[in-house]
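>>> Coordinates for the following, if possible.
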Amino acid sequence: MKFRFVDKILSWQPQKRICGVKSISFEEYDLKTGLGEESHFPESLLMECLFQLGNWLIMLSSDFTQMGLLLRIQHVQFHDRFRPGQNLLMEVKVRRFRPDGVLFDGKAWVDKEEIATGEGCLALPCELADYYDPQYQRVLFSEIYQPVNSKKEKCHD
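Below you'll find the model as predicted:
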């Protein structure tokens, strides 16, 4: 079973930035929590959404020859929760893109409200073919790449 944490890629610039969306339906996950807390997407999975978006940028920037292995993240902050029925707008910006490591920051919004930030994420570039079929990743990209066509899903600047 594969989990997809990026449903759409709206825009990208090689080695600079990428913008995408993750949506969760009421049926997608069993998000029930104990003691009457309202259902929400776990914070660890919310960060995985940003990591996967950053990995898409590495794959796209290398023409599907490389991907990134997460080494560390310096700082993470959650401002609110991502709940069923919401769309998460995400943006990853590169601070440094080198063969020995890609350093980037990510932010996530729901309805223009920032709900999470991650800073100082370091990924080690490695051969994509060692982990995934590059042709499969190309096909998947063709399915999820939906360039921005409305202000509703426009990335923040």
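>>> Residue 88 contacts residue 46, doesn't it?
Yes. Residue 88 lies in contact with residue 46 (C-beta atoms under 8 Å); the separation is 7.3 Å. From N, CA and C alone the C-beta is placed, and that goes for glycine too.
>>> which neighbours do those two share?
82, 108, 115 (C-beta atoms under 8 Å, 6 or more residues apart in numbering).
>>> The last one - how many residues pack around it?
The number of residues packed around residue 115, counting by other C-beta atoms under 10 Å, is 22.
>>> quick one: the strands in this structure?
All strands of the chain, identified by DSSP state E, fall at 8-13, 17-23, 66-72, 75-78, 87-98, 101-110, 113-127.
>>> Give me the contacts around the last one.
This means strand 113-127. Counting by C-beta under 8 Å, 6+ apart, strand 113-127 makes contact with 43, 46-47, 50-51, 54-55, 58, 62, 65-82, 88, 99-109, all of which sit outside it.
>>> Quick one, which of those are buried?
Neighbour counting with 16 or more other C-beta atoms under 10 Å marks 46-47, 50-51, 54-55, 58, 62, 66-68, 73, 76, 81-82, 88, 102-109 as buried within the contacts of strand 113-127.
>>> wait, what's in contact with residue 16?
93-94, 97.
>>> For residue 75, list each beta-bridge partner.
On the basis of DSSP bridges, residue 75 is bridged to residue 119.
>>> And the pLDDT at it?
Residue-level confidence at residue 75 comes out at 97, pLDDT.
>>> Let me see the mean pLDDT of stretch 53-69.
The model assigns stretch 53-69 a mean pLDDT of 98.
>>> Same check on stretch 115-129?
Taken as a whole, stretch 115-129 carries a mean pLDDT of 98.
>>> which parts of it are buried?
115-116, 118, 121-123, 125, 128.
>>> Adding distance to residue 18, write these out as JSON lines.
As requested, the buried residues of stretch 115-129 are arranged in JSON lines below (distance: C-beta to C-beta, whole Å):
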{"residue": "115", "distance to residue 18": "18"}
{"residue": "116", "distance to residue 18": "16"}
{"residue": "118", "distance to residue 18": "14"}
{"residue": "121", "distance to residue 18": "13"}
{"residue": "122", "distance to residue 18": "17"}
{"residue": "123", "distance to residue 18": "13"}
{"residue": "125", "distance to residue 18": "15"}
{"residue": "128", "distance to residue 18": "16"}
